[in-house]
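Visitor: sharing a model that was predicted from the sequence below.
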Amino acid sequence: MKTSVPGPYTLSVRLLPNERYKDRYAITEALLPIISKELEDLVAAGCSEITVDEPSMSCYAYKEDTKRFVDIFNRTVKPIVGKCRLSTHMCFGNFKGRPVGYRSIKPMLPNFLDLTVDEIHIEMTNREFAEIELLKPFAEKMDVSVGVVDVKNYYIESVQDVVERIQRCLQFVPAEKLSVAPDCGLSQTARWASSQKLTNMVKGAKKVRESL
């Protein structure tokens, strides 16, 4: 589940700076209590697993204050910490099937290790598993979900592709802390491809699980 804010707020961001909000951080602070309340309402309604997706954190980590990002995130989710399984998604954007950010995990470290989440999801396949060794410090602090199918291309990963990718991840993340997922959401991937990719992802994960 991903939480989002209705369209009018997006319009405000695009018109920055303006007389009310001097920059993106100003509108972020204005939206923070709204998002927090949304999260609290989800938990109150019985939601037991929530993923908060904020691509600005990973896309702009190379040029912005990562400690500030972490502080904003942690203050936003504070009301629900310990009340659900909480995760966040780190990718480098998917605008019309293309990445939009500087695609490196390194700028996120070490500060992103202080995110108050149970699990972090990291895009890997589209980047050909670059920096896979950097999964290890995350796994020392939280569970790690790794993207093992690429949502930005139409090559259908085979079951064996998925098996091999998971095995690579297991070199840096203990099996009990590892889960697998698509690199990102499938909203811009054709349904026929999404279905085949997800089917093979599940089959590959099952095959690895049975071998452990």
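Guide: Received, thanks.
Visitor: what about stretch 176-191, distance to the chain center?
Guide: Centroid displacement of stretch 176-191 relative to its chain, using CA atoms, centre = their mean, to the nearest Å, is 10 Å.
Visitor: actually, stretch 114-127.
Guide: The answer for stretch 114-127 is 5 Å, by CA atoms, centre = their mean.
Visitor: send the alpha carbons of that stretch over as PDB?
Guide: Provided in PDB are the C-alpha atoms of stretch 114-127 (Å, rounded to 0.1, in the frame of the first residue of the first chain):
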ATOM      1  CA  ASP A 114      18.500   5.700  10.600                       C
ATOM      2  CA  LEU A 115      15.100   5.500   8.900                       C
ATOM      3  CA  THR A 116      12.700   4.100  11.400                       C
ATOM      4  CA  VAL A 117      11.300   1.300   9.200                       C
ATOM      5  CA  ASP A 118      11.100  -2.500   9.500                       C
ATOM      6  CA  GLU A 119      12.000  -3.000   5.800                       C
ATOM      7  CA  ILE A 120      13.600  -1.000   3.000                       C
ATOM      8  CA  HIS A 121      12.900  -1.900  -0.700                       C
ATOM      9  CA  ILE A 122      15.700  -1.100  -3.100                       C
ATOM     10  CA  GLU A 123      15.700  -1.100  -6.900                       C
ATOM     11  CA  MET A 124      18.400  -3.400  -8.200                       C
ATOM     12  CA  THR A 125      17.700  -5.100 -11.500                       C
ATOM     13  CA  ASN A 126      17.400  -2.000 -13.700                       C
ATOM     14  CA  ARG A 127      20.900  -1.100 -12.400                       C
END
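Visitor: where does the protein dip in pLDDT?
Guide: 1-15 (pLDDT under 70).
Visitor: what ranges does it have for its helices?
Guide: With helices called from DSSP state H, the chain shows them at 7-14, 24-44, 55-59, 66-77, 135-139, 159-169, 191-211.
Visitor: nearest approach to Asp114 belongs to which of the ones you listed?
Guide: helix 66-77 (5.2 Å; CB to CB). Any C-beta I mention is one placed from the backbone N, CA and C, and that applies to glycine too.
Visitor: buried residues of the closest one, list them for me.
Guide: 66, 69-70, 72-73, 76-77 (16 or more other CB atoms under 10 Å).
Visitor: who's in contact with the residue nearest the centre of the chain?
Guide: Centroid-nearest residue in the chain: His89, 0.9 Å away (criterion: CA atoms, centre = their mean). Contact analysis of His89 by CB atoms under 8 Å, 6 or more residues apart in numbering lists 2, 51-53, 55, 120-121, 184.
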